[in-house]
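# sequence isn't available, so here's the structure alone:
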């Protein structure tokens, strides 16, 4: 159905598989032939995709490997009108050279407003009072609420949505604290928010608004131990991800009166199993069916955001909302491959050493025979990827790394030092602007967490931690122990590992001089338990 454009160039064809807002369609129609085909079967999609340069979907259409195979290389971009891309086979998209873009920002205000709405509803028992009235009752004394003014709101996850919630909560007269180990103190201060540790937040909060991503570190973060530290009568709203709360633990906290009420817009399984659910149906729990982004304005915003990203991709521009592989030539990727692994590993190592007060500055230093001619974009992106993937579910790559870092208030500086050698890179270092580390020896003389590495025989190695020289292959888990150089320490830690049935793969001791400070690095096959960590610390 493609037609000739002015100047003889054929317009691209955009297949829209699910309903899209009118504003987005108008943008697309100015530069492309738009084919709106809703409710297609997989077979119908396979037939149409072979004639399409771009595909736009929401969450219902499954963009599988078979879709990319049927496109036979013609499909250049898939646009997801929303945030999550679980319905798109990213590996297949990358393999077939197809860019995948989404619309991550248009829902921000809508999600924040829904969080505030739920908090207000909780404070004044609006849902319960409404149900009582509809049952023919007039129970004014039963539904006495609490005021929001002068109450302490703890925002758990201070990203885009958390920041918008903070602005609105301060307008309601609330004192706002935030827990986010990777948030910027500068960003928080600018919004009148004080960053605190997780335990401080639990102890101080009257209301809790959850906005963290679901990662291995946040899964069921709100458990029995967390609820036990809260004030009696706390109230919780969750418009983030269902899995960050242990549902059974919340039910117990509600029964005990530790939590007075909760409002949930998200669930670990969606739709949830209603029968026997520990929270749905409770009179002090408000539930909504994942409505955070469900406003007319947000849906229009999503349509224009995804349309703009698709148009940019069709015109060969870099898209800041790309969610799959970096746009790097095969030749450059092959040359940098071992250093890409090093860069991501150093970022991951550095952020693992951060205590829970966070950091703002990231300094990356490249030692390379190419000097300023080194193309560091991919390496920079992989350092950021290693750092941010521990704290977010976003897919971080070459085109969106800087945007994600900027949204978190991070400042990134790069220095390239000309070095001897034939490899593209002699060494790479990452320094984080914080002296608060879970491992004090990782802090260098300038008060930064510092790690450095290199590549030997295609294997990345960690060569420096803080002020200590080490030589560790960056594979598997490593237990770091700070000690004073003296007999018996190695055996002490080894016995603790043996008692926990944790096998050692390698061990090295790095010291400044005899009987002075040293660190011991032990490669282990399993994650250490609290008992081992206590001995190592």
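Yes, it's here. Predicted model only: the values in this text are computed from it and were never measured.

# in stretch 253-268, what counts as buried?
For stretch 253-268, a neighbour-count test (16 or more other C-beta atoms under 10 Å) marks 253, 254, 258, 259, 260, 261, 262, 263, 264, 265, 266, 267 as buried. Yep, even glycine has a C-beta here, placed from its N, CA and C like the rest.

# what's it in contact with?
114-115, 118-119, 121-122, 125, 224, 227-228, 230, 232-243, 245, 247, 250, 279, 282, 284-292 (C-beta atoms under 8 Å, 6 or more residues apart in numbering).

# chain center to it, what's the gap?
Centre-to-centre, stretch 253-268 and its host chain are 24 Å apart (C-alpha atoms, centre = their mean, to the nearest Å).

# kindly report the same for stretch 414-429.
Distance of stretch 414-429 from the chain centroid (C-alpha atoms, centre = their mean) equals 30 Å.

# may I see the buried residues of that stretch?
Judged by neighbour count (16+ other C-beta under 10 Å), stretch 414-429 contains these buried residues: 416, 423, 424, 425, 426, 427, 428, 429.

# from one end of that stretch to the other, what's the distance?
Start-to-end span of stretch 414-429 (C-alpha to C-alpha, to the nearest Å) is 10 Å.

# so for it, what's the average pLDDT?
Taken as a whole, stretch 414-429 carries a mean pLDDT of 89.

# kindly indicate which of the buried residues of stretch 414-429 lies nearest residue 178.
Using C-beta to C-beta, residue 429 comes nearest to residue 178 of these, at 30.2 Å.

# now that closest one. Its backbone dihedrals?
With angles defined as degrees, to the nearest 10, residue 429 sits at phi -130, psi 150.

# so how far is residue 358 from it?
20 Å (C-beta to C-beta, to the nearest Å).

# I'd like the distance between residue 391 and residue 33.
With C-beta to C-beta as the criterion, residue 391 and residue 33 are 41 Å apart.

# can you check residue 178 too?
47 Å.

# quick one, which of these two is more surrounded?
Legend: neighbour count by other C-beta atoms under 10 Å for residue 178 and residue 33, higher for residue 178 (26 against 19).

# so the more buried one sits in a strand?
Yes - the assignment for residue 178 by DSSP: H, G, I helix; E, B strand; the rest coil puts it in a strand.

# pretty sure it sits against residue 166.
Yes - Residue 178 lies in contact with residue 166 (C-beta atoms under 8 Å); the separation is 6.8 Å.

# residue 430 contacts residue 448, doesn't it?
No - using C-beta under 8 Å, residue 430 is not in contact with residue 448; the gap is 9.6 Å.

# helix, strand or coil: sort out residue 186 for me.
Per three-state DSSP, residue 186 ends up helix.

# got a list of what it touches?
Per C-beta under 8 Å, 6+ apart, neighbours of residue 186: 360, 409.

# cool, and residue 42?
Residues near residue 42 by C-beta under 8 Å, 6+ apart: 62, 64, 66.

# before we move on, what about residue 240?
157, 161, 210, 211, 212, 213, 214, 266.

# pLDDT score for it?
pLDDT at residue 240 comes out at 89.

# quick one: low-confidence residue ranges for the stretch 51-200 of the chain.
Under the criterion pLDDT under 70, no range of the stretch 51-200 of the chain is flagged.

# what's the neighbour count on residue 501?
9.

# do you know the pLDDT at it?
73.

# could you measure from the residue most central in space within the chain over to residue 353?
In the chain, the residue lying closest to the centroid (C-alpha atoms, centre = their mean) is residue 392, at 0.9 Å. Per C-beta to C-beta, residue 392 is found 18 Å from residue 353.

# and residue 295, by the same measure?
Residue 295 is 41 Å from residue 353, where distance means C-beta to C-beta.

# right, and residue 103 touches residue 302 too?
Yes - counting by C-beta under 8 Å, residue 103 touches residue 302, with 4.5 Å between them.

# what about those two, which has more around it?
The neighbour comparison of residue 103 against residue 302 (other C-beta under 10 Å) goes to residue 302, with 27 against 24.

# coming back round to it: compare residue 295 and residue 353 (neighbour count), which wins?
residue 353 (22 against 16).

# mean confidence for stretch 270-287?
So the average pLDDT for stretch 270-287 ends up being 93.

# chain center to that stretch, what's the gap?
Distance, centroid of stretch 270-287 to centroid of chain: 27 Å (C-alpha atoms, centre = their mean).

# for stretch 21-37, same thing?
31 Å.

# first vs last residue of that stretch, how far apart are they?
For stretch 21-37, the end-to-end distance is 14 Å (C-alpha to C-alpha).

# buried residues in it?
21, 24, 25, 27, 28, 31, 32, 33, 34, 35.

# shouldn't the second one be in contact with residue 303?
Yes - with contact taken as C-beta under 8 Å, residue 24 and residue 303 are classed as touching, separated by 2.9 Å.

# quick check: closest non-adjacent residue to residue 409.
residue 184 (3.0 Å; C-beta to C-beta, 6 or more residues apart in numbering).

# returning to what we had before: in strands only, show me the contacts of stretch 253-268.
Using DSSP state E, the subset of the contacts of stretch 253-268 located in strands is 234, 235, 236, 237, 238, 285, 286, 287.

# closest to residue 85 among the residues you listed?
residue 238 (22.1 Å).

# hmm, back to that, between residue 178 and residue 166, what contacts are shared?
Joint contacts of residue 178 and residue 166 (C-beta under 8 Å, 6+ apart) are 155, 158, 193.

# the helix or strand where the first one lies pairs with which strands, parallel or anti?
Secondary structure from DSSP states H and E places residue 155 in strand 152-156. Strand 152-156 sits in its sheet next to strand 175-179 (parallel), strand 207-210 (parallel), going by DSSP bridges.

# show the average pLDDT along the last one.
To tie it back to what came earlier, the one meant is strand 207-210. On average, strand 207-210 scores 98.

# which residues sit against it?
Outside strand 207-210, the residues that touch it by C-beta under 8 Å, 6+ apart are 115, 119, 122-123, 148, 151-157, 162, 165, 169, 174, 201, 222, 234-240, 244-245.

# with stretch 273-286 instead?
Residues contacting stretch 273-286 (C-beta under 8 Å, 6+ apart): 118, 121-122, 127-128, 247-248, 250-251, 254, 260-264, 272, 287.

# cross-check the contact I'm expecting between residue 215 and residue 244.
No - the criterion here is C-beta under 8 Å, and residue 215 misses it with residue 244 at 9.1 Å.

# and those two? which has more neighbours close in?
Comparing residue 215 with residue 244 by other C-beta under 10 Å, the one with more neighbours is residue 244, at 22 against 16.

# ok, that one - contacts?
Contacts of residue 244 by C-beta under 8 Å, 6+ apart are 210, 212, 214, 218, 219, 220, 221, 222, 238.

# is it correct that the last one is in contact with residue 247?
No - at 10.7 Å, residue 238 does not count as touching residue 247 under the criterion of C-beta under 8 Å.

# which one's more surrounded, those two?
Neighbour count, other C-beta under 10 Å: between residue 238 and residue 247, residue 238 has more, with 24 against 19.

# show the contacting residues for the more buried one.
The neighbours of residue 238, taking C-beta under 8 Å, 6+ apart as the test, are 210, 244, 245, 262, 263, 264, 265, 266.
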